[in-house]
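**Student:** Provide a 3D model corresponding to the input given below.
(2 chains)
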Amino acid sequence: MKIASYNVNGINGRLPVLLRWLQETQPDIVCLQELKAPQEKFPQQALLDIGYNAIWHGQKSWNGVAILSRNLEIKELRKGLPGDENDAHSRYIEAVVEGIVVGCLYLPNGNPYPGPKFEYKLQWFERLNIHAQSLLEHNLPVVLFGDYNVMPTELDVYKPERWVNDALFRVETREAYKKLLAQGWTDAIRKLYPDDVIYTFWDYFRNAYGRNAGLRIDHALLSPQLAPRLVNAGVDKHVRGWEKSSDHAPVWISLKE
DNA sequence: ATGTCCTCTCTTAGAGGA
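**Tutor:** Numbering: from 1, shown residues only, chains lettered A, B, ... in the order given. This next block holds a predicted model:
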């Protein structure tokens, strides 16, 4: 069982890249972020044509998340995080696939710091932590997979000193991630590769990918019921080098049955 | 400040977001 996550940065503009990657790597379950498309403009048929079912939570211009599966039933549990009825951003979708609860998330970027966007990020993170705690209380296999917009440690940033006042690396943001992990979640990449420099994002600016000036901000968090099944994980880094690529690369985990 | 690339609109240029 292979589960992947990919911030596509516009699903329609990126459709050829997405389809090529899906056909090349054939993940069983996929979390997508930054669809940047309204509900009715999701490319459902193009995905069905290559064997992927989908549920999605769209929004015009911004955000948007989806869960895909290859020949597996997707049972939607929720769209949106609980805790704020006035939050109109499409940043969370959750489903059961093959007995695994899959939460696909796109945490707010939060820049610039300080300011209302940063406050929104911290509030959203707090709501995520509350929801994550409630998921653990069901004692089910759960993966919370997506773009967390946080580099957890200095190892996850090419030049940490340049990022100390960025919303993705502010101490408050890292503390929120640390609090989430302390509930009992396992960061799949760090569990398998505790000391390696592994990035999932490279800016479009200044040849960041060519210089490997990257960030690790896309994470797979496994519940205690799922973590023992982890056998491998990685980043499909080469996809970031394709023409018309997203600024993120896909991240994946593989689980034993 | 800048770099790049997405989406949308008071659309073919500029704004907003990342």
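**Student:** mind listing the strands for the stretch 1-150 of chain A?
**Tutor:** Ranges of strands in the stretch 1-150 of chain A, per DSSP state E, counting those that start in this stretch, are A:2-7, A:29-33, A:52-57, A:65-70, A:75-79, A:92-97, A:100-106, A:142-147.
**Student:** what about the residue nearest to residue A:128 when sequence neighbours are not counted, neighbour count?
**Tutor:** For residue A:128, ignoring the flanking residues on the chain, the nearest one in space by CB to CB, 6 or more residues apart in numbering is residue A:81 at 6.2 Å. For the C-beta atoms, the positions are set from N, CA and C on the backbone; glycine is no exception. Residue neighbour count, defined by other CB atoms under 10 Å, stands at 20 for residue A:81.
**Student:** Quick check: residue A:81 vs DNA strand B, distance?
**Tutor:** From residue A:81 across to DNA strand B, the span is 16 Å (CB to the nearest atom of the strand, to the nearest Å).
**Student:** quick one, phi psi at that residue?
**Tutor:** Main-chain dihedrals, residue A:81, degrees, to the nearest 10: phi -90, psi 140.
**Student:** tell me the contacts of it?
**Tutor:** A:87, A:91, A:92, A:124, A:127, A:128, A:131 (CB atoms under 8 Å, 6 or more residues apart in numbering).
**Student:** burial count for the nearest residue to the fourth one once chain neighbours are set aside?
**Tutor:** In space, not counting the residues next to it along the chain, residue A:124 is nearest to residue A:108; the distance is 5.2 Å by CB to CB, 6+ apart. Residue A:108 sits with 21 neighbouring residues when counted by other CB under 10 Å.
**Student:** Was I right to think residue A:108 contacts residue A:120?
**Tutor:** Yes: between residue A:108 and residue A:120 there is a contact at 5.6 Å, judged by CB atoms under 8 Å.
**Student:** Highest mean neighbour count out of the strands of the stretch 1-150 of chain A?
**Tutor:** strand A:29-33 (a mean of 28; mean count of other CB atoms under 10 Å).
**Student:** Let's see that strand as CSV, backbone CA atoms only.
**Tutor:** Listed next in CSV are the C-alpha coordinates belonging to strand A:29-33 (Å, rounded to 0.1, in the frame of the first residue of the first chain):
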residue,chain,number,x,y,z
ILE,A,29,-4.0,6.7,-2.3
VAL,A,30,-3.1,10.3,-3.1
CYS,A,31,-3.6,13.5,-1.2
LEU,A,32,-3.5,16.7,-3.3
GLN,A,33,-3.3,20.3,-2.2
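**Student:** Quick one: distance of it to the chain centre.
**Tutor:** Relative to the chain's own centre, strand A:29-33 is displaced by 7 Å; criterion: CA atoms, centre = their mean, to the nearest Å.
**Student:** what does stretch A:14-24 give?
**Tutor:** With CA atoms, centre = their mean as the basis, stretch A:14-24 stands 17 Å off its chain's centre.
**Student:** repeat for stretch A:55-74
**Tutor:** 12 Å.
**Student:** do stretch A:188-205 as well
**Tutor:** Worked out by CA atoms, centre = their mean, stretch A:188-205 lies 13 Å from the chain centre.
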